[in-house]
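[1] using only what follows, build the 3D model:
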Amino acid sequence: MKKFFSEFKEFAIKGNALDLAIGVIIGAAFKAIVDSIVNDIIMPFVGILLGGKDFSSLALKIGDAEIKYGSLIQTAVNFFIVAFCLFLLVKFVNKLKDGFAAKQEEIAEELAAPVKSEEVILLEQIRDALKK
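    As a prediction, the model looks like this:
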């Protein structure tokens, strides 16, 4: 049991749990923004294009049951907007990573190149001049 708690403590301290918690919180806030964009901006335009229909109230009544397919349509639109935004975010982060990696390689090459002192440079210039 002691080993279990020490493993859990190591997991929590490593930052994995903290990163996950931050991701969930940001995801919830992002969902609220997307819901507002879809419900308040996009769906009214779609409703106007389709003859002034309100998608949230679309339903099919069969007996006592009511199938709210308008809600499904709005949820699908929310999903595609979130997926598209996440795609753009991942694409942007990958572009930054590639840029940082290239810059890091460039710096590594500069550091790996031997640094010549002023005396060595002067001696090489004298040697080159004597060869001519």
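[2] buried set for stretch 29-40?
    34, 38 (16 or more other Cβ atoms under 10 Å). Where you see a C-beta, it was placed from the backbone N, CA and C, and this is true even at glycine.
[3] before we move on, what about stretch 19-26?
    With burial defined by 16+ other Cβ under 10 Å, not one residue of stretch 19-26 is counted as buried.
[4] what packs against the longest helix belonging to the chain?
    Assignment by DSSP state H gives helix 69-112 as the longest helix of the chain. Applying 3 or more Cβ pairs under 8 Å, 6 or more residues apart in numbering; DSSP states H and E, one finds that helix 69-112 contacts helix 16-37, helix 43-49.
[5] if we go to 6 Å?
    Helix 69-112 sits against helix 16-37, with contacts defined as 3 or more Cβ pairs under 6 Å, 6 or more residues apart in numbering; DSSP states H and E.
[6] CA-only coordinates of the helix it packs on in CSV, if you can.
    Output of helix 16-37 as CSV, limited to C-alpha atoms (Å, rounded to 0.1, in the frame of the first residue of the first chain):
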residue,chain,number,x,y,z
ASN,A,16,0.9,14.9,-15.5
ALA,A,17,-2.1,15.4,-13.2
LEU,A,18,-1.7,19.1,-13.2
ASP,A,19,-1.4,19.3,-17.0
LEU,A,20,-4.5,17.2,-17.3
ALA,A,21,-6.5,19.4,-14.9
ILE,A,22,-5.5,22.6,-16.7
GLY,A,23,-6.5,21.0,-20.0
VAL,A,24,-9.9,20.1,-18.7
ILE,A,25,-10.5,23.5,-17.2
ILE,A,26,-9.4,25.3,-20.4
GLY,A,27,-11.5,22.8,-22.5
ALA,A,28,-14.6,23.7,-20.4
ALA,A,29,-14.1,27.4,-20.9
PHE,A,30,-13.5,26.9,-24.6
LYS,A,31,-16.7,24.9,-24.9
ALA,A,32,-18.6,27.8,-23.4
ILE,A,33,-17.2,30.1,-26.0
VAL,A,34,-17.9,27.7,-28.9
ASP,A,35,-21.5,27.1,-27.6
SER,A,36,-22.0,30.9,-27.6
ILE,A,37,-20.6,31.3,-31.1
